[in-house]
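# sequence plus predicted model, see below.
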Amino acid sequence: MRWPILSCATTRTAAALATVAALAAGTAAAAPAPTTAPSPERGHHRPAPSWPQNLIDRSPDLVQPKALTVDRSLGTRRAAQEVRLAQQLYTFWNTGQQRYLDAAISPQFRDNTLPSGRPQGPAGPLFASKNFRVAVPDLTCELSDVLVAGDRITARLVFRGHFTGTFDGVRGRGQAVEFNAIDIQHVGTDRIVEDWHIEDNQALLAQLGIHG
């Protein structure tokens, strides 16, 4: 039995992983957050966030990207749309709540790196999340890096939690779980239509105490 959230890299992700390498090397730097403004008592106001920080949806229920890089040629409206789709999708992974998934992906969504045993289409992420949370009920998803270029969103994620449930007949002892993942999302007219993803399976299985 394979962990339902996991997959292996395919050759179809090779070109996009060059972008990931740039992120890891620090060549795709995020714009810094605005500095603290002078106090209101002195008659000053906090300045409006600059690009690309002004694209982030600050709704308290949505995950906030730790770092964000966006192609300016997209224009503000399209860029903000793609950033918000990323926030909605990874809020789903952070909470397990289906409404965020429904808002982020198309009914025609396709997983191009579909793990064995996971259904294709929108049912796949929901299936994976539910099964993952059987083993790690307190799962969280940190949106560490987001790179938006054209109709592609590349995200570096950090999943964390504690193995207090069961996986493949193994009962957790409450040990901490932390592993990385890279996603590439293709955005259509208004929602995500397909993706490619890889996860650090080796680190995860070692933390779960499962080998082979």
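Alright, I've got the coordinates. Numbering: from 1, shown residues only.
# average pLDDT across stretch 113-121?
The predicted model gives stretch 113-121 an average pLDDT of 96.
# and for stretch 193-212?
When pLDDT is averaged along stretch 193-212, the result is 91.
# does the most centrally placed residue in the chain belong to a helix or a strand, and which?
The chain has residue 90 as the residue nearest its centroid, 4.4 Å off, counting by C-alpha atoms, centre = their mean. For residue 90, the enclosing helix or strand under DSSP states H and E is helix 76-95.
# okay, buried residues for the helix or strand where residue 181 lies please.
Element membership for residue 181, per DSSP H and E: strand 175-187. With burial defined by 16 or more other C-beta atoms under 10 Å, the residues of strand 175-187 counted as buried are 177, 179, 181, 182, 183, 184, 185, 186, 187. The way it works is simple: take the backbone N, C-alpha and C, and place the C-beta from them, glycine included.
# of these, closest to residue 193?
Minimum distance to residue 193 across the buried residues of strand 175-187 is 5.6 Å, recorded for residue 186 (C-beta to C-beta).
# okay if I get the buried residues of strand 175-187 as CSV plus pLDDT?
Formatted as CSV, the buried residues of strand 175-187 follow (pLDDT from 0 to 100):
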residue, pLDDT
177, 96
179, 97
181, 98
182, 98
183, 98
184, 98
185, 98
186, 98
187, 98
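# the strand holding residue 181 to helix 76-95, inter-axis angle?
Angular relation of strand 175-187 and helix 76-95 on a 0 to 180 degree scale: 150 degrees, by axes from the mean of the first three to the mean of the last three C-alpha atoms, to 10 degrees.
# and strand 175-187, what does it pack onto?
Here strand 175-187 touches helix 14-25, helix 76-95, strand 152-163, strand 192-199, helix 201-208, going by 3 or more C-beta pairs under 8 Å, 6 or more residues apart in numbering; DSSP states H and E.
# ok so, going back, turn the buried residues of strand 175-187 into CSV, including distance to residue 65.
Output for the buried residues of strand 175-187, formatted as CSV (distance: C-beta to C-beta, whole Å):
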residue, distance to residue 65
177, 22
179, 19
181, 15
182, 14
183, 13
184, 16
185, 13
186, 19
187, 16
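# between those residues, which is nearest residue 143?
Taking C-beta to C-beta as the measure, residue 143 lies nearest residue 183 of these, at 10.1 Å.
# look up how far residue 118 lies from the closest one.
Computed with C-beta to C-beta, to the nearest Å, the distance linking residue 183 and residue 118 is 15 Å.
# could you do residue 168 as well?
Between residue 168 and residue 118 the distance is 15 Å, computed by C-beta to C-beta.
# those two - which one has more neighbours?
The residue with the greater number of neighbours, taking residue 168 and residue 118 and applying other C-beta atoms under 10 Å, is residue 118; the counts read 18 against 11.
# surely the more buried one is in contact with residue 128?
Yes: distance between residue 118 and residue 128: 5.9 Å, which falls inside the contact criterion (C-beta atoms under 8 Å).
# for the chain, give me the ranges with low pLDDT.
Filtered on pLDDT under 70, the chain yields the residue ranges 1-45, 212.
# what's opposite residue 166 in the beta bridge?
For residue 166, the beta-bridge partners are residue 171 (DSSP bridges).
# what sits against it?
The contact partners of residue 166, taken as C-beta atoms under 8 Å, 6 or more residues apart in numbering, are 134, 135, 172.
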